[in-house]
Each structure stands twice: as C-alpha cells, then as structure tokens.
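Peer 1: Take this sequence and fold it.
(one chain, ligands or ions: 3)
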Amino acid sequence: MNKTVHIKTYGCQMNVYDSSRMRDVLAPLGYAETDMAEGADLVILNTCHIREKAAEKVYSELGKLREMKEARAAQGKEMLIAVAGCVGQAEGQEITRRNKAVDLVFGPQTYHRLPELLGQRQATGRAAVETEFAAERKFEELVEKPQAQGSVAAFLTIQEGCDKFCTFCVVPYTRGAEFSRPVAQILQEAAKLAARGVREVTLLGQNVNAYRGEGGNGPESLARLVARLSQIQGIERIRYVTSHPRDMTDDLIAAHGANEKLMPYLHLPIQAGNDRILKAMNRGHTVADYLRLVDKVKAARPDIALSGDFIVGFPGESEAEFAGTLQVAREVGYASAYTFKYSPRPGTPAAARADQIEEPVKDQRLAALQAQILEQTKAFNASCVGRELPVLLEKPGRHDGQLIGRSPYLQSVHVAAQNLSIGQIANISIKSVGPNSLSGQYVGQI
Ligand code: SAH
Ligand code: SF4
Ligand code: F3S
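Peer 2: Ligands and ions are numbered 1, 2, ... in the order given. Below is the predicted model:
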C-alpha cells in the first residue's frame with residue numbers, strides 16, 4: 001500500500017541525519033516522502049529542545065496539525081501525528097496530554113522501532129510513547145537498512161550523547177550518555193555512501209571528538225577513524241562536528257596538518273570569554289586553555305577556518321565579562337560563529353539561579369556580538385577573493401546554468417555550470433563575495 005510521510009526537522013545536524021534514517025526505516029512499509037504536511041498519512045516533527053523557542057515551536061505546529069487531522073478525518077481519512085527528537089525524549093507522555101491529536105512520541109534513540117510503534121498505535125487505538133535509551137541497538141538495526149539517494153555530501157552520525165553536563169544544556173538529558181559506534185560499522189556505512197556517489201562525509205556527534213569506538217583491538221580515536229575513512233575510495237572530503245575543547249587531542253590536531261582529505265574547518269565552541277563564567281557553565285576549560293588549543297591547531301594547519309558557538313547573558317554575566325567574549329572572538333579570528341541568548345532550560349542547574357539576566361540586556365549583547373562576527377565573516381570571505389579553491393559541486397543554483405558547491409572552509413560557492421557537473425571537485429577562482437557566499441570561475445578540475 002502506498003502511503004506518504006512528511007518529516008519536518010528542527011535543531012542540529014544530528015536531527016537531519018536521524019530524519020533521513022527515519023525515511024529509510026519507513027520506506028519498506030510503503031511510505032514515500034512528501035514535502036507537505038497537508039494530505040500526508042503520517043507527519044513526523046523531529047524536534048529540538050535546546051532553547052525555549054525551539055521547544056515552543058513544536059506546540060504551535062501541533063496546533064496546526066491537529067486542525068489538518070480533523071479536516072482529514074471529516075473526509076474519512078486518517079493522518080497520524082508523531083513527535084520525535086529531543087522534545088519527544090524530554091517531555092514524553094506530557095505531549096500526548098497537552099495535545100490529544102498526537103499518536104506517537106519517541107526520542108532520538110528509538111526511531112528504529114517506528115514500524116513497531118505504528119503497529120502498536122493501530123492495534124490499541126491509543127498513543128504509543130517510547131523514550132528509552134538504546135543507541136547501540138538502534139545503530140545495529142539501522143546499518144541493515146538501505147539508504148535513500150541524496151546529495152554528494154552526507155552526514156554520518158558516529159557518536160551520540162554527552163557526559164559533560166554544562167550547566168545550561170539539555171543534551172545530556174535528551175540524548176543520554178556518550179556512546180560511540182564501532183569503527184567497522186561506520187566504515188561499512190561510509191562505503192555504502194561512497195558507492196552511491198557521496199564524496200564528502202561530515203561525521204556527527206554531540207561531542208564528536210570524544211569518539212572512542214571499538215576498533216577490534218580496543219577503542220580507537222577520531223583521528224584514527226578519520227585516517228581509516230580517508231582510505232575509502234570515492235570519499236574525498238571529511239569533516240566533523242561538534243567538538244569540545246576538552247577532547248581536542250594532539251593526534252586530531254596533527255591530522256589537520258597531515259591528512260589532505262580532512263577539511264580545514266573546525267567548529268570548536270568556547271561559549272564565553274571569561275573564566276568565571278566558563279566555570280559556572282561547567283565547561284572544564286579556561287580562556288587560556290582554549291587559546292592554546294587554537295594556536296596548536298593553527299600551527300598544524302595555518303589556513304584553517306575556525307567556527308564556534310557563543311552564549312550571551314548566562315546568569316550573572318556582567319558587562320565586563322561579556323566584553324571578554326567580544327575580545328576572545330576577535331583574538332581567535334573566527335571565520336563564522338553561532339550566537340545565542342541564554343535560554344533557561346527546565347531541569348538544568350543554571351535555570352534555577354536567581355541572577356538571571358534581563359531580556360533587553362541579552363538582546364543588546366547578542367546584537368553587539370553578531371555585528372562583530374558578521375564583520376569577521378565578511379573579512380574572512382573577502383580574503384578568499386583572488387584565490388583558487390577546490391569546490392565540491394553539490395546542487396543546482398537558483399539561476400539557470402548555475403551550480404552551488406562548498407569550499408574547503410565550508411563557504412557556499414556559486415559558479416557557472418558550463419562543462420561542470422554535480423559531484424565534481426573543481427578548481428574555482430574566487431572573483432567576488434556576497435553576504436553569505438562566494439562566486440567564482442572554473443579554472444580546471446582537480
Ligand atoms: N556539544 C556541543 C553543543 C551542542 S548544543 C558543544 O558542547 O559545543 C549547540 C549550542 O547551543 C551550544 O554550543 C550552545 O552554544 C547552545 N546552547 C545550548 N544550550 C543553550 C541554552 N540553554 N541557551 C542558549 N544556548 C544554548
Ligand atoms: Fe551540551 Fe555541554 Fe554536552 Fe555540549 S558539552 S552537549 S554544550 S552539555
Ligand atoms: Fe536540539 Fe537535540 Fe540537537 S536538543 S540541538 S536536536 S541534540
């Protein structure tokens with residue numbers, strides 16, 4: 001029987017990966033993907049719990065879906081609604097209590113059991129809720145499923161969960177303890193991706209550089225895994241996100257200088273530029289520790305593009321402490337960065353503090369930091385004009401005869417498609433920069 005599923009994805013890249021695997025799990029049940037919720041037999045919201053706004057979106061979306069479901073029921077048709085991802089994990093049963101139209105709730109560790117959950121829902125007529133943690137079994141089952149065709153650049157989750165418990169963060173509660181997939185399983189998945197034309201893999205994990213996967217003779221590091229992956233024919237580029245400063249080991253830093261396939265881009269969040277705040281955040285590193293790491297990384301790979309995450313307005317943050325954040329961002333010379341206002345999350349230690357910062361102050365600090373980062377990004381992009389960069393061509397551009405690809409530094413690059421095709425890595429001479437992308441001309445294939 002042909003059915004349709006619509007999956008809406010929020011949050012981080014790990015959710016993007018999970019959504020693509022949900023499609024793979026549902027395909028054998030006859031579900032084809034549709035890009036509209038309206039008319040779909042099954043709608044899955046793959047949700048994010050990281051900040052209040054992200055979680056709130058889910059409930060407003062559920063309100064709309066409920067109306068759609070009722071309209072469909074009036075035509076004698078069924079529409080199932082599922083809440084997956086980190087809100088599903090964090091709120092479980094509470095979701096079905098707040099919105100009676102929800103049929104399925106499950107977390108990031110249980111989506112491989114979707115067929116079972118659908119069966120359970122149909123058999124009982126009641127909502128099925130499943131939020132246990134079982135990352136190991138999930139990956140064992142998923143590796144057997146064929147993966148749908150996709151882009152020439154793919155995500156591959158290699159590590160999940162977090163044991164670090166930063167005082168602001170929900171991830172340890174929604175994704176569970178740190179878990180690394182075995183090396184052989186990852187190599188198998190990467191080889192499958194290469195066989196269907198993938199040329200760039202981005203290895204994913206909440207703490208990807210804490211990777212310690214079983215390699216046959218004991219656990220292996222991310223640096224070792226990257227070395228093994230770079231031997232797979234067809235895989236030309238490797239990236240990894242997100243890294244924690246505490247797990248940035250010397251062998252991984254050295255790999256940036258030694259392995260041509262490891263792209264010169266590193267996302268290494270510091271969160272704040274003041275030691276008192278970093279301590280209150282339970283980050284386990286100081287500003288000086290972080291700057292030392294950055295020096296080492298730059299020594300190994302001088303042209304590396306650094307990126308990071310920042311939180312402004314953590315409880316108790318003074319104006320002078322915030323100035324430390326602006327200062328460190330300048331000193332590191334980030335090519336890009338993600339900036340967030342602190343959002344109190346239920347159940348985390350920082351949310352219970354009495355010295356919360358007022359919203360207008362957070363707004364001001366965010367605006368100041370964003371303005372500075374924007375300048376830094378523009379300067380980094382401008383420094384690429386006149387250079388020749390190898391670009392992996394990924395998709396057609398908005399205009400006819402145009403292709404969009406990625407530079408080694410993860411910038412979008414627009415080129416005229418003449419004599420070029422998707423999947424090629426072409427040498428592009430960078431001619432100009434726009435607000436979010438570069439444009440260039442083809443000068444030869446690599
Ligand atoms: N594991 C990654 C981060 C995952 S969450 C790391 O440790 O770097 C992605 C980003 O969301 C974090 O880096 C942080 O900057 C931001 N974030 C997490 N919790 C937040 C909160 N309560 N309020 C605002 N931003 C938050
Ligand atoms: Fe959250 Fe900290 Fe873990 Fe990153 S390291 S996921 S910010 S608790
Ligand atoms: Fe959000 Fe969960 Fe990712 S909370 S950021 S979707 S790990």
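
Peer 1: from here on, contacts and neighbour counts on C-alpha atoms
Peer 2: Fine.

Peer 1: Could you report the neighbour count for Ala352?
Peer 2: Residues near Ala352, counting by other Cα atoms under 10 Å, number 13.

Peer 1: ok, now Gly119?
Peer 2: 12.

Peer 1: mind checking the SS state of it?
Peer 2: helix (DSSP: H, G, I helix; E, B strand; the rest coil).

Peer 1: contacting residues for it?
Peer 2: By Cα atoms under 8 Å, 6 or more residues apart in numbering, the contact list for Gly119 is empty.

Peer 1: cool, Lys362 as well?
Peer 2: Contacts for Lys362 (Cα under 8 Å, 6+ apart) come out as Val312, Gly313, Lys341, Tyr342.

Peer 1: ok, 7 Å please
Peer 2: Val312, Gly313, Lys341 (Cα atoms under 7 Å, 6 or more residues apart in numbering).

Peer 1: can you give me the strands for the stretch 201-350 of the chain?
Peer 2: Remark: strands assigned in the stretch 201-350 of the chain by DSSP state E, counting those that start in this stretch are 213-214, 219-220, 237-241, 265-267, 305-312, 336-341.

Peer 1: Name the residues that touch the longest one?
Peer 2: Residues outside strand 305-312 that contact it (Cα under 7 Å, 6+ apart) are 264-272, 334-342, 362, 365-366, 409.

Peer 1: Next: stretch 155-167.
Peer 2: 14, 17, 171-172, 175-181, 186, 201-208, 211, 281-283, 348-350.

Peer 1: gap between the residue nearest the centre of the chain and ligand 1?
Peer 2: For the chain, Gln13 is the residue whose C-alpha lies nearest the centre (Cα atoms, centre = their mean; 2.1 Å). Going from Gln13 to ligand 1 by Cα to the nearest ligand atom, to the nearest Å gives 10 Å.

Peer 1: Ok, Glu78 next?
Peer 2: In terms of Cα to the nearest ligand atom, Glu78 sits 36 Å off from ligand 1.

Peer 1: For the contacts of Lys362, could you give me a markdown table that also reports pLDDT and neighbour count?
Peer 2: Listed next are these as a markdown table, based on pLDDT from 0 to 100; neighbours: other Cα atoms under 10 Å:
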| residue | pLDDT | neighbour count |
| --- | --- | --- |
| Val312 | 98 | 25 |
| Gly313 | 98 | 27 |
| Lys341 | 98 | 20 |
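
Peer 1: residues from the stretch 301-446 of the chain in reach of ligand 1?
Peer 2: Asp309, Phe310, Ile311, Phe340, Lys341, Tyr342, Ser343, Pro344, Arg345 (Cα under 6 Å from any ligand atom).

Peer 1: Phi, psi for the residue of the stretch 51-200 of the chain found nearest ligand 3 please.
Peer 2: Ligand 3 sits closest to Cys86 of the stretch 51-200 of the chain, with a gap of 4.5 Å, by Cα to the nearest ligand atom. Per-residue torsions, Cys86: phi -70, psi -30 (degrees, to the nearest 10).

Peer 1: next one: Gln185
Peer 2: Here Gln185 shows phi and psi, under degrees, to the nearest 10, equal to phi -70, psi -40.

Peer 1: chain center to stretch 357-373, what's the gap?
Peer 2: Counting by Cα atoms, centre = their mean, to the nearest Å, stretch 357-373 is centred 24 Å from the centre of its parent chain.

Peer 1: Name the residues of that stretch that are buried.
Peer 2: Ile357, Lys362, Arg365, Leu366, Leu369, Gln370, Ile373 (16 or more other Cα atoms under 10 Å).

Peer 1: do stretch 389-408 as well
Peer 2: Those would be 389-397, 403-408, for stretch 389-408 by 16+ other Cα under 10 Å.

Peer 1: same question, stretch 298-315
Peer 2: 298, 300-301, 304-315.

Peer 1: How about that stretch and ligand 3, touching?
Peer 2: No: with Cα under 6 Å from any ligand atom as the criterion, ligand 3 is not reached by stretch 298-315; the gap is at least 12.0 Å.

Peer 1: Tell me how far that stretch lies from the chain's centre.
Peer 2: Mean-position distance between stretch 298-315 and its chain equals 16 Å (Cα atoms, centre = their mean).

Peer 1: quick one: terminal-to-terminal distance for that stretch?
Peer 2: 32 Å (Cα to Cα, to the nearest Å).

Peer 1: Okay then, goodbye and thanks.
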